[in-house]
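Colleague: build me a structure from this.
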Amino acid sequence: MKSPVLKPIFIIAVLVSLVGCKNDKNTNVQTVNVRLEAEPDRLNPMLSSTGYAADVFRYIFYPLADIDPYTLKMSPVLIKAMPLKSTLDTGIYKGKSAYSFELLKEAVWDNGTAITGYDFAFTLKAAFNPLVASERWRAPLSFIQDVLVDDKNPKQFKVVVNEEYFLADILIGSVNIYPEYLYDPKAIMRKYSLADLMDAAKSAEMAKQAGGLKEFADEFNNAKYGRDPEFIAGAGPYKLTEWTTGQKLVLKKKANWWGDALAKQNTMLQAYPEQLVFKIVADNVTTLSMLKDGQVDAVGGVSASQYKDLSTNKLITDKYNIFTPTVLQYLYFGMNLKNPKLADKKVRQALSHLLDLDATIGLLNGLGERIIGPFHPSKEYYDHNLKPIALDINKANSLLDEAGWKDADGNGVREKMINGVNTPLDLTISLGASSEIGKKLSLMMQENGKKAGVNIILDAREMSQVMADVKAGNFEISPLKNRLDPVLNDPYNSWNSANITAGGGNRIGYSNPEVDKITESIRTTKDEKERNQQYQRFQEILYEDQPVIFLYAPKEPVLIAKKYEQAKPTVIKPGFALNYFH
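Modeller: Numbers count the residues shown, from 1 in each chain. Just a heads-up that it's a prediction; the model follows:
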């Protein structure tokens, strides 16, 4: 399932116009080579927690509907049309709201069997098995009550909801469907009712019983379902055929893929390349060499310094088109609020004053916009009245004094008694070794921290290792990125305290009773004006609490080989859609 998304309030007209005229020229594409900045954690949408994995599995697993990368509208993929909402007038759910779906008759799995509503129901059962590490799916989909499959025509089904959630049709549609025959060959989950699994108390009780849920979870959580080509399959056009650690992942187009027959009527089913090769290249020097030699066809995540050099290098500009779309993403310093050193908001506010982000934007050559919260600045409810926090060492010192951190022994590092222990204000920043901007900002915080009595320690490692620690809560501070979608924001998963769980969306451990109430209310508020007021208040509280240090929303340069005349950029990360390359 993709992350929750938001109604478009802006139109990237130039991007849309670029894709307005397609033709069938150069449709015979063999291999597209793309740079992947870091190793994916696993190719299992339900369990994965990195954007790098999503950049790959998006071509393997398909949802019911998805956001068109160019029109930015939610469009049917596996279904005939977007769902219809109605009130059930019979049965045990009489009076409840439900969304009706009908899967394409042509849609089949790799073994030739039809994709049905039972596969959709199985996918949700797997997600709500409490022993499956799918917490990041369970929270946003908690509004679902049951799935009713038409026994006479399993291509048709209804999704019953227990609350009037404002993004219900979008989130239901964005669920990546798993083939039951492959992921549950023993049909274990058929023994369980989805309605019972959706009930937290009942599912917790069932999880205590021997066999059943545990047997399925142990198998589903197994690494083979995220790594082994034999055990990874979805409804999409591509199949994983090779994964060489630290080097590449290879996806090959399925022979006689069912979607090809419908691609002219539905552009969401277009898939031109016969093979996609994701080359894992962390450092910029190697990337530059590969670009010069034409070893890659698409590169995203280009740094500002790289962009300046690449855009004036004739060896590059002769072979590649360079675009600078405003990608839907923001950068931030995540802080582990479960750590007593970071529990006081005055400490977090002080740390925010250690960064000269206006100068950083200058270093980015204008390829970024400062932010004050977790919403993209293009949103109509983004609070432009809140001013980005400025570099102010004196203010940082004052805040740390107020928080009780003193340099009593004169060694340049503040201390404080925490749980009876004299604790120095030592903080470790865990960062990806290849992250140019992460390194610059961390060094800036380290240097300015010395002026405020804060000892900042840098721990640079492979990004996959950093993300594993962040997911497990084994970190203090880390420069991170968060991807956004062009629909209304639902902050519940990331900011509500109910999701401070192992693998949950609230990884930093943030808890504020008013934020809990607001994030719960936003989900069911229909009135746009009222909802925007809630968004505003939410941003004000986060601005005061500073649970993370919000940095900026980037414009991220993208390079695409000129030989792909119909390949255009998109505002959705990573900045291009490989299936359209021709």
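
Colleague: rest of the way, CA atoms for contacts and neighbours
Modeller: Fine.

Colleague: tell me where the model's unsure across this protein.
Modeller: 1-28, 362-363 (pLDDT under 70).

Colleague: need the longest helix for it.
Modeller: Longest helix in the chain by number of residues, with DSSP state H as the criterion: helix 528-545.

Colleague: ok, the next helix-or-strand element following it: who's next to it in the sheet?
Modeller: On the C-terminal side of helix 528-545, the closest following helix or strand by DSSP states H and E is strand 548-554. Strand 548-554 pairs in its sheet with strand 329-335 (antiparallel), strand 368-370 (antiparallel), by DSSP bridges.

Colleague: among those, which is the most enclosed?
Modeller: Compared across the strands paired with strand 548-554, strand 329-335 shows the largest average neighbour count, a mean of 23 (mean count of other Cα atoms under 10 Å).

Colleague: any idea how far that strand is from the middle of the chain?
Modeller: Remark: strand 329-335 is offset 13 Å from the chain centroid, using Cα atoms, centre = their mean, to the nearest Å.

Colleague: give me the domain ranges for the protein.
Modeller: 1-58+236-327+556-582, 61-210, 329-554 (automatic domain parsing).

Colleague: out of those domains, which is closest to Phe220?
Modeller: Nearest of the domains of the chain to Phe220, taken as Cα to Cα: domain 61-210 at 6.9 Å.

Colleague: how long is the closest one end to end?
Modeller: Chord length of domain 61-210, first to last residue, is 31 Å (Cα to Cα, to the nearest Å).

Colleague: I'd say Arg523 and Asp490 touch.
Modeller: Yes: with contact defined as Cα atoms under 8 Å, Arg523 reaches Asp490; the gap is 6.8 Å.

Colleague: any buried residues in the helix or strand hosting Thr123, and which?
Modeller: Counting by DSSP H and E, the element that carries Thr123 is helix 117-127. By neighbour count on 16 or more other Cα atoms under 10 Å, the buried set for helix 117-127 is Gly117, Tyr118, Asp119, Phe120, Ala121, Phe122, Thr123, Leu124, Lys125, Ala126, Ala127.

Colleague: same check, this time on stretch 415-429
Modeller: Of the residues in stretch 415-429, Glu415, Lys416, Pro424, Leu425, Leu427, Thr428, Ile429 count as buried by neighbour count, 16+ other Cα under 10 Å.

Colleague: now, those residues that are in strands?
Modeller: Assigned to strands by DSSP state E, the following of the buried residues of stretch 415-429 qualify: Glu415, Lys416, Pro424, Leu427, Thr428, Ile429.

Colleague: any idea how far the nearest residue to Pro491 once chain neighbours are set aside lies from Phe538?
Modeller: The shortest distance from Pro491 to any non-neighbouring residue, by Cα to Cα, 6 or more residues apart in numbering, is to Thr519 (6.0 Å). Thr519 is 8 Å from Phe538, where distance means Cα to Cα.

Colleague: same check, this time on Thr324
Modeller: Going from Thr324 to Phe538 by Cα to Cα gives 31 Å.

Colleague: who's more crowded, these two?
Modeller: For Thr324 versus Phe538, the count of surrounding residues by other Cα atoms under 10 Å is larger for Phe538: 23 against 19.

Colleague: and for the more buried one, nearest residue in space, chain neighbours not counted?
Modeller: Phe538's closest residue in space is Val515 (Cα to Cα, 6+ apart), at 6.3 Å.

Colleague: to what extent is that neighbour buried, counted in neighbours?
Modeller: Look at Val515: counted by other Cα under 10 Å, it has 22 neighbours.

Colleague: cool, Ala201 as well?
Modeller: If you count neighbours by other Cα under 10 Å, Ala201 ends up with 10.

Colleague: do the same with Pro491
Modeller: For Pro491, using other Cα under 10 Å, the count is 23.

Colleague: surely it meets Ser521?
Modeller: No: the criterion here is Cα under 8 Å, and Pro491 misses it with Ser521 at 10.6 Å.

Colleague: tell me who's in contact with the closest residue to Leu310 other than its chain neighbours.
Modeller: Beyond its immediate neighbours in the sequence, the residue positioned closest to Leu310 (Cα to Cα, 6+ apart) is Ile316, lying 6.3 Å away. By Cα atoms under 8 Å, 6 or more residues apart in numbering, the residues touching Ile316 are Leu291, Lys292, Leu310.

Colleague: please pick the buried ones from those.
Modeller: Using 16+ other Cα under 10 Å as the burial test, those include Leu291, Lys292, Leu310 as buried.

Colleague: among those residues, which lie within strands?
Modeller: Nothing among the buried ones among the contacts of Ile316 maps onto strands, per DSSP E.

Colleague: if we can go back for a sec, joint contacts of Thr519 and Phe538?
Modeller: By Cα under 8 Å, 6+ apart, Thr519 and Phe538 have no common neighbours.

Colleague: is it possible to get JSON lines of the ones in strands among the buried residues of stretch 415-429 that adds distance to Tyr93?
Modeller: Converted to JSON lines, those look like this (distance: Cα to Cα, whole Å):
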{"residue": "Glu415", "distance to Tyr93": "59"}
{"residue": "Lys416", "distance to Tyr93": "57"}
{"residue": "Pro424", "distance to Tyr93": "58"}
{"residue": "Leu427", "distance to Tyr93": "53"}
{"residue": "Thr428", "distance to Tyr93": "52"}
{"residue": "Ile429", "distance to Tyr93": "51"}
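
Colleague: closest to Ile549 among those residues?
Modeller: Nearest to Ile549 out of these is Ile429 (Cα to Cα; 12.8 Å).

Colleague: with only the CA atoms kept, save the helix or strand containing the residue nearest to Leu310 in CSV.
Modeller: Using DSSP H and E, Ile316 falls within helix 314-317. Below are the C-alpha coordinates for helix 314-317, written out as CSV (Å, rounded to 0.1, in the frame of the first residue of the first chain):
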residue,chain,number,x,y,z
LYS,A,314,28.7,18.5,-22.6
LEU,A,315,29.4,14.8,-22.2
ILE,A,316,26.3,14.7,-20.1
THR,A,317,24.0,17.2,-21.8
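
Colleague: show me where the stretch 51-200 of the chain has helices.
Modeller: 51-57, 117-127, 135-138, 168-173, 180-183, 194-198, 200-207 (DSSP state H, counting those that start in this stretch).

Colleague: now what about the last one, what contacts it?
Modeller: Same thing as helix 200-207. Taking Cα under 8 Å, 6+ apart as the rule, helix 200-207 contacts Asn129, Pro130, Leu131, Asp196, Leu197, Leu213, Lys214.

Colleague: residues near the last one, how many?
Modeller: Residue neighbour count, defined by other Cα under 10 Å, stands at 18 for Lys214.

Colleague: what about it, which SS state?
Modeller: Under DSSP: H, G, I helix; E, B strand; the rest coil, Lys214 falls in the helix class.

Colleague: that one is in contact with Ala133, isn't it?
Modeller: No: in this structure, Lys214 is not within contact of Ala133 by Cα under 8 Å, at 11.6 Å.

Colleague: quick one on the thing from earlier: just to be sure, the residue nearest to Pro491 is in a helix?
Modeller: Yes: the assignment for Thr519 is a helix, going by three-state DSSP.

Colleague: and it, how far from Ala53?
Modeller: Thr519 is 28 Å from Ala53, where distance means Cα to Cα.

Colleague: ok, Ala255 next?
Modeller: Ala255 is 24 Å from Ala53, where distance means Cα to Cα.

Colleague: so which of those two has more stuff around it?
Modeller: Ala53 (20 against 11).
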